[in-house]
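1. structural data only, the sequence is not supplied:
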């Protein structure tokens, strides 16, 4: 069965329609990329999937593991295994990464009817994850994203993904604001988290990220619709020719 | 509205009804009539078997009080209060009037205790359950008391201290907050019923927080509580007042006085968690908490540190202060004030630099939600002789929602050119972005608010004794339940 099925999804913000009938199906373990010009609705899709306030869904359905998730609260969607790596991770001063992730993991476990982890056990696990991802565990003692560089923020998102073990991770413009070295580090982290039961939806404006996180399927999104889908070679074509032909197609 | 507030209201209603009927049928000679006059004060003093000097002091305070007016400079609106309509002495309740077991206590109150992780035995004590023989609080208390006595530490009720250590009480009572100090402190001096007394002898480091024991035994200290702590030369004590659990209380007006005296090289750390009934979500009911707290660093190199977590009461009005008389003495004030619904708070501190090279540090974190309004009001005064005095003040306000208010009113008076006074202030809001970020990670909305607010308060929470800090963190979340969404 498909992990994620988006069926003719329509959504607007402040009366303006942004998603105009999105269709997308993802199988477990697959990596899909969504590419598209600025303003095409890529980030809106990420936010509507994860239940952010301010968007009105006007039509369509989103099924996660067969379950309609559009009526769920954001934390309920997190509990079924949906994770968003933010384009702009948010600072939470005074809350250490360890505390934050412990709260998060235990909230998820509680929602799933599992017992909470004790602090010692959890911290040990988290250090191990840092090691695996090549992230200095100094980060665990710092306040969430507070005073982090652009690269640190994105690495912190990858660390969170590792700690929360989602079934579907949506990566919203994870490459934005990163130089090539930082991009490689982040991509290595993401790749190490690829697993047969974990799908990823990589949203990006540029093809370069897809040199490092190689997708199974590439979709082109223009004006709130997916206008073309193909293999990874589609990303290369886009890099060479741009989005111009699709823009005309969508407008027509 | 938070479950805490709701519960306390319900419990309060239940108890006040019971109370009412109880007193219609049995008029108690332990309870003199309403109102405030010299006869009532004589009655209180006589009941307590006080020496003449203390009665004279009370009467002097009362006569002075008659010449005073209710202050109105504060940024809280206090409904008119008729002092002649109140009772000023009530004997402690007998066990027969109390709930006989936790089964008789409102389950919601118990739920709150559960959330705070308070052990069962303590829950019984807090809910005012008549304690049975199995829970031998007397023997627990005795064990602690013996340990303290080995060090020569005196820790008892102020009534007991008046009997047992009259010379110490007479020497220090009113020496930091004089009987004529202010409207409420003067009233307290006239009618105080009980409170705590602590004396730490020279060179003694108090081996335990004066807290766990106190928490169980703190019931019925009354609405005019009087506390006096004296740390003799080179001694140290950490004192913890109050409780994270909502306490039942039938008195609306609380006007306590706390006096601290630190002699040379002594240190006093005084932590408060105040969680009295804050009123309901429409601003009905709730405690008025008008407290005068002041510490004197009398000796050189002495230190007094106030830490407060104020989440309860309909109106909070207090300025725990330090008078830095000794050279190189240090005063600190760390504060978290949370106001939700229609709560009001006007709180802060006064740091009075008198000695040379005196230092003070003020960290105030105010959180306002609902229709609440709060003000940080602080005075830093540097007297002409206080060469090299230094102060650092940080006031941060966090707003939740659109209908609350936060104000910062710092007064700085420096009469010495060598003094260095710094003030920083910020105001921020909990952002939708922060809440969504937390919720995407799995936290529900209330836990998300609690997490962000705890982060905001971290610097102050860290000042609390360890086991208490954990409870205080939970309390922060519970106090803000229902403030978003």
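-> Cool, the structure landed. Please read all numbers here as calculations on a predicted model, not as lab measurements.
2. distance-wise, check residue A:225 relative to chain B.
-> Taking C-beta to the nearest C-beta, to the nearest Å as the measure, residue A:225 and chain B are separated by 25 Å. Placement of C-beta: from N, CA and C, glycine included.
3. grab the nearest non-local neighbour of that residue.
-> In space, and not counting its chain neighbours, residue A:225 is closest to residue A:20: 5.4 Å by C-beta to C-beta, 6 or more residues apart in numbering or on different chains.
4. point me to the helix or strand that includes the one you found.
-> Secondary-structure assignment from DSSP states H and E places residue A:20 in strand A:16-26.
5. that strand - contacts with which helices or strands?
-> Applying 3 or more C-beta pairs under 8 Å, 6 or more residues apart in numbering or on different chains; DSSP states H and E, we find strand A:16-26 packed against strand A:4-13, helix A:42-50, strand A:56-64, strand A:225-230.
6. which is the succeeding secondary structure element to the last one?
-> Moving toward the C-terminus from strand A:225-230, the first helix or strand encountered (DSSP H and E) is helix A:233-241.
7. list the contacts for residue B:168?
-> Neighbouring residues of residue B:168 by C-beta atoms under 8 Å, 6 or more residues apart in numbering or on different chains: B:154, B:161, B:197, B:199, B:230.
8. redo the residues you listed as TSV? Include pLDDT, neighbour count and distance to residue B:466.
-> Formatted as TSV, the contacts of residue B:168 follow (pLDDT from 0 to 100; neighbours: other C-beta atoms under 10 Å in any protein chain shown; distance: C-beta to C-beta, whole Å):
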residue	pLDDT	neighbour count	distance to residue B:466
B:154	92	17	26
B:161	92	21	29
B:197	91	25	26
B:199	96	23	25
B:230	98	26	26
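9. was I right to think residue B:434 contacts residue B:449?
-> No - here residue B:434 does not reach residue B:449: they are 9.1 Å apart, not a contact under C-beta atoms under 8 Å.
10. out of the contacts of residue B:168, which sit inside strands?
-> Among the contacts of residue B:168, the residues falling in strands (DSSP state E) are B:154, B:197, B:199, B:230.
11. for the residues you listed, give me CSV that also has distance to chain A.
-> As requested, the ones in strands among the contacts of residue B:168 are exported to CSV (distance: C-beta to the nearest C-beta, whole Å):
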residue, distance to chain A
B:154, 39
B:197, 37
B:199, 38
B:230, 36
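12. would TSV of the residues you listed with distance to residue B:304 be doable?
-> Shown next, in TSV, are the ones in strands among the contacts of residue B:168 (distance: C-beta to C-beta, whole Å):
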residue	distance to residue B:304
B:154	19
B:197	17
B:199	16
B:230	12
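13. residues of stretch A:200-208 that come out buried?
-> A:200-205, A:207 (16 or more other C-beta atoms under 10 Å in any protein chain shown).
14. please enumerate the strands of chain A.
-> A:4-13, A:16-26, A:31-35, A:56-64, A:67-68, A:82-85, A:92-96, A:143-144, A:168-172, A:199-204, A:217-222, A:225-230.
15. can you put those strands in TSV and add distance to residue B:441 and mean pLDDT?
-> Compiled in TSV, the strands of chain A are given as follows (distance: least, C-beta to C-beta, whole Å; pLDDT from 0 to 100):
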stretch	distance to residue B:441	mean pLDDT
strand A:4-13	19	96
strand A:16-26	22	95
strand A:31-35	22	95
strand A:56-64	17	96
strand A:67-68	20	94
strand A:82-85	8	96
strand A:92-96	10	95
strand A:143-144	10	96
strand A:168-172	12	96
strand A:199-204	17	95
strand A:217-222	26	95
strand A:225-230	28	93
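16. would you list the ones you listed in TSV and tack on distance to residue B:320?
-> Below are the strands of chain A laid out as TSV (distance: least, C-beta to C-beta, whole Å):
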stretch	distance to residue B:320
strand A:4-13	49
strand A:16-26	53
strand A:31-35	57
strand A:56-64	50
strand A:67-68	54
strand A:82-85	45
strand A:92-96	23
strand A:143-144	28
strand A:168-172	47
strand A:199-204	53
strand A:217-222	59
strand A:225-230	62
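17. low pLDDT regions in chain B?
-> B:1-31, B:90-102, B:104-143, B:211-222, B:243-251, B:467, B:484-485 (pLDDT under 70).
18. which residues of the stretch 1-150 of chain A lie near chain B?
-> Within reach of chain B by C-beta under 8 Å from any C-beta of the partner chain, the stretch 1-150 of chain A has these residues: A:50-53, A:73-75, A:77-79, A:83-84, A:86, A:88-95, A:99-101, A:103-105, A:107-108, A:111, A:143-144.
19. may I see the ChimeraX selection of the buried members of the residues you listed?
-> Selecting the buried subset of those in ChimeraX, with 16+ other C-beta under 10 Å as the burial test, is done by:
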select /A:50,51,52,74,75,77,78,79,83,84,86,89,90,91,92,93,94,95,99,100,101,103,104,105,107,108,143,144
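20. before we move on, back to that, now distance to residue B:421 too, for the helices and strands packed on strand A:16-26, in a markdown table please.
-> Formatted as a markdown table, the helices and strands packed on strand A:16-26 follow (distance: least, C-beta to C-beta, whole Å):
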| stretch | distance to residue B:421 |
| --- | --- |
| strand A:4-13 | 48 |
| helix A:42-50 | 47 |
| strand A:56-64 | 52 |
| strand A:225-230 | 62 |
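21. looking at these, which is buried most?
-> Highest mean neighbour count among those (mean count of other C-beta atoms under 10 Å in any protein chain shown): helix A:42-50, with a mean of 23.
22. avg pLDDT for it?
-> For helix A:42-50, the mean per-residue pLDDT is 96.
23. which strands and helices sit next to that helix?
-> On a contact count with 3+ C-beta pairs under 8 Å, 6+ apart, helix A:42-50 meets strand A:4-13, strand A:16-26, strand A:31-35, strand A:56-64, helix A:74-80, strand A:82-85, strand A:168-172, strand A:199-204.
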